Structures are given as C-alpha cells and as structure tokens.
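Novice: task: produce atomic coordinates for the following.
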Amino acid sequence: MFHAPAAYLYEGKNSTAYYCLKDPEALVIFVHGFKGTSLETWDDFSSLLIEHPSFANCDLFFYGYESIKGQAFDQGQELLRFINNNHKPKSPFRNRNPKMYSKIVIAAHSLGAIVARFAILGSIEQNYDWRKMCKLVLFAPAHNGARIQSLIMDSLDGFYKVIGGITMFFLPIIDDLKPDSAALHRLRTETEDYRGGPEHMLLNASVLHVFGDRIVHNAPFCFDVFVKESPIRNHSHKSICKPMLINNYLLPIEIIRDQL
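Specialist: Alright, predicted model coming up:
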C-alpha cells in the first residue's frame, strides 16, 4: 500500500483523501455526477489506486457535493474553491510536503463534467497559476445535456421513482441538464472562446463514453478528444467510470494514469 488510511475532508460532502506516503508529484481529484457520492460512484477506484505503483506519488481526493442542490454553475464555484484550497500538498501523514504538485488531474463523471468545466473556466477567469497543471478526464460527460426522465428514474429506487421524480423536475439542476439550457450554452460558448489559444490544452478534455448511453447525449464537445477506446460497449452510464478486477475492466485507471 502506497497511501495513508482515508482522511475525511471538511470541504464538500463526505470528501475523502488518500495521501501518498512518498513526496507527491500529482493530485487526482474525482468528481461524481447526479445523485452520486464521493466514493461509491467510483466503486473500486480508491482500493485499486492505493496499491497501484503508477499512483504511488499521487494524492487522491474524492470530492463530494450536494448534486441536486443549487445550479451547475454554483457547484462549479464550490469545486473551484476546493481546488484552490488544496492545490498545494499538505498531508498530515508526511514529515514534509513539497511546495506544489506538478500535475492536477480532474476526473469527472456525468454531471460532474459540467461542474468541473465551470470550475476550470473559473480558474482561468481568476487567473489561478495552478490551472496550468490541470488536465480533465471525463467519463460519460453530461456537457451535451441529458435525457432528464431517464436520468431521474435511473437515480431513484422503488416508490421514490414516482414521488421523487415529480419533485426533482422542479430542481434548477434539472434545467441545467437539458440540452438547450442556458447553463450548457454558456459552458460551450465560454469554452469555444479559448479554442486555439493559451488555455486550449487546459480545456481539451479526454473523454470516454458508452455506446448507446441512455442518459447523456454522446457528441463531440468543443475541442475535446475521445480516447481511442470510445465508445465502450457492454457497459452502462453508471459502470463506465468503475474499474473492476473481477471483469478485468481497468481502462478508467489507465486513462487517468496516461495523464500523469
């Protein structure tokens, strides 16, 4: 094992850190999607990465947030503050911490992709130096919008599919996820403004999507790059971001590793 036991962070909702025991070179931040949670969304990611040699010099943060509250832009600003407060190594488990990370990889799923993009756009607007170290990796991103009915039904169980579904239709975040929403229009417009400029590579995400995803709309977004394995078959919107030894599905780990 290359990391200290799980440490709970005060920012976000049940955010959890796994600090590496060696001098850290990189920080990986995981951002879940709609109705997800800091750790459960990513399934075996935490247990696999703390024993993976390629991540021995990485601090691992699993960020949690109230995904059905506020708006996507609001959540992006919260994530921006979280990254800004944690962009320098400060583990209590190490005798000393270096001055900075050499890389920050933000891995996001579904709605988390929108939240992460707003955070990165905010880092450009605020001219934070740490943004130059960032790279986005997105799993089944919702930045082209989602099929709202399917999204809600997929996130609820039993009786709550009826009562909870009706209630959720009135949440601002649901409007943000509609393909023609003002939030997604703003996200695309502001991202396109940086095409070909100094911030191009920062906003140039690596994307993995599911063949026939029934939740989000699969399509190119601005100047993103689909990883060569896209689209993935025999996986769902939920499972695409979950590495599993049992079926030898380790592609999510490999994609993030390639950005380090």
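
Novice: any low-confidence regions in this protein?
Specialist: For the chain, the stretches flagged by pLDDT under 70 are 149-170.

Novice: so where do the strands sit in it?
Specialist: 7-8, 16-18, 26-31, 58-63, 103-109, 134-139, 206-208, 225-226 (DSSP state E).

Novice: which of these sits closest to residue 183?
Specialist: strand 103-109 (15.4 Å; Cβ to Cβ). (C-beta placed from N, C-alpha, C; glycine too.)

Novice: what comes up buried for the closest one?
Specialist: Neighbour-count burial for strand 103-109 flags 104, 105, 106, 107, 108, 109 (criterion: 16 or more other Cβ atoms under 10 Å).

Novice: so the fifth one makes contact with residue 36?
Specialist: No: taking contacts as Cβ atoms under 8 Å, residue 108 lies outside contact range of residue 36: 10.3 Å.

Novice: which of the buried residues of strand 103-109 sits closest to residue 136?
Specialist: residue 106 (5.4 Å).

Novice: got the contact list for that closest one?
Specialist: Residue 106 sits next to 28, 29, 31, 83, 116, 119, 120, 134, 135, 136, 137 when contact means Cβ atoms under 8 Å, 6 or more residues apart in numbering.

Novice: save these as TSV, and put in distance to residue 8 and neighbour count too.
Specialist: Below are the contacts of residue 106 laid out as TSV (distance: Cβ to Cβ, whole Å; neighbours: other Cβ atoms under 10 Å):
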residue	distance to residue 8	neighbour count
28	17	25
29	15	24
31	17	34
83	18	25
116	21	29
119	21	27
120	25	26
134	24	24
135	26	21
136	25	23
137	24	25
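
Novice: looking at the residues you listed, which is nearest residue 227?
Specialist: Ranked by distance to residue 227 (Cβ to Cβ), the contacts of residue 106 are led by residue 137 at 8.6 Å.

Novice: now do the contacts for the closest one.
Specialist: Residue 137 neighbours (Cβ under 8 Å, 6+ apart): 105, 106, 107, 108, 205, 206, 208, 255, 256, 259.

Novice: just list whatever residues bridge to the nearest residue to residue 236 once chain neighbours are set aside.
Specialist: Excluding the flanking residues, the one nearest residue 236 by Cβ to Cβ, 6 or more residues apart in numbering is residue 210, at 6.4 Å. For residue 210, the beta-bridge partners under DSSP bridges are residue 232.

Novice: surely residue 210 and residue 240 touch.
Specialist: Yes: the pair residue 210 and residue 240 qualifies as a contact (Cβ under 8 Å) at a distance of 5.1 Å.

Novice: what touches both of the two?
Specialist: 140, 232.

Novice: tell me where the stretch 1-150 of the chain has helices.
Specialist: 45-49, 72-86, 111-125, 148-155 (DSSP state H, counting those that start in this stretch).

Novice: list the buried ones in the second one?
Specialist: Across helix 72-86, burial judged by 16+ other Cβ under 10 Å covers 72-80, 82-84, 86.

Novice: give me the residue at the spatial middle of this structure.
Specialist: With distances taken as Cα atoms, centre = their mean, residue 108 lies nearest the centre of the chain, 1.5 Å away.

Novice: any idea how far that one lies from residue 56?
Specialist: 23 Å (Cβ to Cβ, to the nearest Å).

Novice: mind listing the helices for the stretch 151-260 of the chain?
Specialist: Applying DSSP H, counting those that start in this stretch to the stretch 151-260 of the chain gives helices spanning 160-168, 172-176, 182-192, 200-203, 251-257.
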